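Participant: Next comes the sequence, and after it the predicted model I'd like to discuss.
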Amino acid sequence: MSLSFQTMAAIRFGYGFRPGEAPPQNKDQLLGQVKDAALRAPSFPAGGIDGRHQQIVDLQDRLRELRQSGSDDELRRKRRKAIQKQVQQGFQRDANARLMQAVLSPNGFYERLATFWTNHFSTSANKSLPMRMIVPLYEAEAIRPSIGGSFRDLLRVATEHPAMLIYLDQAQSQGPESARGMKQKKGLNENLGRELLELHTLGAGSGYTQADVRAAAMVLTGLTIDREEMDAAFRPGISEPGRHTVLGVSYGGAKRSRKDYLALLDDLAVHPKTAQHISRKLAAHFISDQPPEEMVTAMADVWKRTDGDLTAVYGAMLDHPAAWRAEGAKARQPFDYVVTGLRALNAGSGNGIAGDFMKADQEDDDDVMAPPKDMAGQDNAMGGDAGAMAPDPVNEAKSKRRKAFQTARALGQGALRRMGQPTWLPPSPAGFEENFSAWITASQLAERLAWARRACAQFGKDEDPREFLRSTLADAARDETIRVVSQAPSKISGLTLVLASPNSTADRSWS
């Protein structure tokens with residue numbers, strides 16, 4: 001079955017259809033999203049980029065004060081617990097804003113690319129308490145503005161960001177023969193050097209050796225964290241002196257500087273193996289787990305010809321005939337599945353019914369989750385049973401808000417956790433799995449079916465299943481799906497079948 005351009009563009013290269021939103025009409029519109037959306041600040045982190053920098057510095061000050069305080073252990077634990085709770089609540093609000101950024105944005109291709117690159121340069125908010133504030137900032141200020149430019153620039157900002165330096169323990173790395181390394185008897189940490197070669201650029205099995213990994217880690221010494229400002233810094237006193245050879249190229253010298261590791265990054269960014277590795281990874285993300293070799297080669301050739309101009313590489317992918325055939329070849333990851341489902345159900349103007357409701361997940365946990373005052377069993381002033389009194393409107397409103405909060409959390413971050421892809425919490429530096437087999441299991445399918453049923457019950461009360469099928473899948477709907485939906489025993493069952501069908505998210509389908 002051959003699908004229209006608009007359907008393939010929305011489903012294969014975006015997050016599906018949203019009622020009332022026109023899908024891209026041509027390739028230029030898809031590529032235009034990359035330039036236009038990069039100029040707009042995302043809806044996270046809370047307080048904006050500048051505000052988040054200040055919040056991180058403030059958190060560091062509070063933690064330092066707590067460590068240096070003369071409080072007894074019990075009081076210190078209580079204060080730290082309060083700080084942890086506040087930071088965790090902020091992280092949850094950022095995570096929900098990240099989800100809704102993808103749901104509400106009309107720039108689906110750009111949002112998909114932001115997800116891809118954040119996973120490629122993977123970091124985890126679980127690394128430390130400050131990372132709960134730093135990782136959302138990392139995506140907002142380092143990844144998103146850079147995904148339409150050169151890979152060299154993207155590699156630089158990702159590698160130098162505090163999120164990456166903390167996550168891969170670069171802040172702990174010192175040259176063994178550096179002035180401070182010899183004084184403090186601290187040594188080299190190879191994590192960043194290894195992942196730089198294996199994951200971020202050349203790819204596993206590309207011909208580099210353990211000696212290259214160690215040499216790369218040596219070149220990177222000196223790159224560390226300014227813990228006062230929580231920003232990247234270069235400290236010559238911890239940088240390993242001398243020259244270090246990576247893939248046959250020598251970097252450094254008697255006097256080390258930031259230019260040494262930048263030269264390494266720049267050379268890796270335009271290396272032919274990097275072009276091949278990342279072109280393949282992009283094609284695997286959008287097209288198929290085993291993308292056509294001729295497509296990967298075409299993308300890599302453009303990479304080499306343009307010195308890693310990412311928009312040109314995306315264009316080569318979109319220009320290849322394989323980009324527009326063999327629909328249904330990919331499995332949606334949980335984040336993609338939830339975003340696409342919420343978009344399909346998000347009728348209405350502005351943020352839509354789903355968008356407005358999901359804001360409940362951004363409310364303050366303490367206010368929403370505190371139980372209403374229980375009057376049952378208490379005697380009122382007249383000597384009667386307070387349980388027989390008229391319901392308290394304040395408590396009823398609070399109960400309603402609490403239920404909305406719980407439902408929004410269950411449909412958003414709770415669902416992503418249950419499905420195995422919690423926001424900004426990948427299992428390793430390799431990020432979340434891409435392959436079909438990682439996400440299509442019996443338990444995954446059960447979770448997705450349960451999610452579809454709950455989401456349709458919440459947002460689909462006014463939808464007709466057959467109309468919903470047409471608006472959600474357009475010409476991607478298979479005859480069998482049309483037949484099953486039309487015979488559904490109830491409205492909610494019909495809507496659920498649309499979202500749970502093998503082609504409900506055609507080309508990113510999950511069964």
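Facilitator: In hand now; what should we look at? Residues are numbered from 1 along each chain as shown.

Participant: What is the distance between the helix or strand encompassing residue 85 and the centre of its chain?
Facilitator: Under the criterion of DSSP states H and E, residue 85 resides in helix 73-104. Its chain's C-alpha centre and that of helix 73-104 lie 17 Å apart, by C-alpha atoms, centre = their mean, to the nearest Å.

Participant: what packs against the helix or strand following that helix?
Facilitator: The C-terminal neighbour of helix 73-104 among helices and strands, as given by DSSP H and E, is helix 108-120. Counting by 3 or more C-beta pairs under 8 Å, 6 or more residues apart in numbering; DSSP states H and E, the packing neighbours recorded for helix 108-120 are helix 27-38, helix 73-104, helix 272-286, helix 334-344. In this view, the C-beta of every residue, glycine as well, is placed from N, C-alpha and C.

Participant: Give me the contact list for helix 108-120.
Facilitator: The list of residues contacting helix 108-120 from outside it, by C-beta atoms under 8 Å, 6 or more residues apart in numbering, reads 9-10, 13-16, 24, 30-31, 33-34, 36-38, 101-102, 105, 138-139, 143-144, 147, 154, 199-200, 278, 281-282, 285-286, 314, 335-336, 424, 426, 431-432.

Participant: Do I have it right that residue 448 meets residue 421?
Facilitator: No. With the criterion set as C-beta atoms under 8 Å, residue 448 and residue 421 do not qualify as a contacting pair; they are 11.9 Å apart.

Participant: Kindly point out which residues are neighbours of both of these two.
Facilitator: The contact sets of residue 448 and residue 421 overlap at residue 334 (C-beta under 8 Å, 6+ apart).

Participant: Deepest-packed of the helices and strands packed on helix 108-120, please.
Facilitator: Taking mean count of other C-beta atoms under 10 Å as the contact definition, the stretch among these with the greatest mean neighbour count is helix 334-344, which reaches a mean of 26.

Participant: tell me the mean pLDDT over it?
Facilitator: Averaging the model's pLDDT scores along helix 334-344 yields 96.

Participant: So which elements touch it?
Facilitator: Based on contacts counted as 3+ C-beta pairs under 8 Å, 6+ apart, the elements that helix 334-344 packs against are helix 73-104, helix 108-120, helix 352-358, helix 413-419, helix 442-459, helix 465-473, helix 491-500.

Participant: can I get the ones you listed in CSV with mean pLDDT?
Facilitator: Converted to CSV, the helices and strands packed on helix 334-344 look like this (pLDDT from 0 to 100):
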stretch, mean pLDDT
helix 73-104, 95
helix 108-120, 98
helix 352-358, 95
helix 413-419, 96
helix 442-459, 94
helix 465-473, 93
helix 491-500, 94
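
Participant: closest to residue 185 out of those?
Facilitator: Among these, helix 73-104 comes nearest to residue 185, with 30.1 Å by C-beta to C-beta.

Participant: could you give the angle of the closest one to helix 108-120?
Facilitator: Orientation check (axes from the mean of the first three to the mean of the last three C-alpha atoms, to 10 degrees): helix 73-104 against helix 108-120 gives 150 degrees.

Participant: circling back: between residue 448 and residue 421, which is the more surrounded one?
Facilitator: Here residue 448 and residue 421 are compared on neighbour count by other C-beta atoms under 10 Å; more neighbours surround residue 448, at 26 against 22.

Participant: got the contact list for the closest residue to residue 227 other than its chain neighbours?
Facilitator: The shortest distance from residue 227 to any residue other than its chain neighbours is 6.9 Å, reached at residue 60 (C-beta to C-beta, 6 or more residues apart in numbering). Listed by C-beta under 8 Å, 6+ apart, the contact set of residue 60 reads 130, 227, 228, 230.

Participant: Same check on residue 286?
Facilitator: The contact partners of residue 286, by C-beta under 8 Å, 6+ apart, come to 12, 13, 112, 317, 323, 330.

Participant: From these, which land in helices?
Facilitator: Taking DSSP state H as the definition of helices, those contribute 12, 112, 317.

Participant: Can you give me the neighbour number for the last one?
Facilitator: So the one you mean is residue 317. Residues contacting residue 317 under the criterion other C-beta under 10 Å number 22.

Participant: Any idea which of the helices and strands packed on helix 108-120 gets closest to residue 476?
Facilitator: Using C-beta to C-beta as the measure, helix 334-344 is the one of these that comes nearest residue 476, at 12.0 Å.

Participant: Could you tell me how far stretch 136-148 lies from the centre of the chain?
Facilitator: Counting by C-alpha atoms, centre = their mean, stretch 136-148 comes out at 11 Å from the chain centroid.
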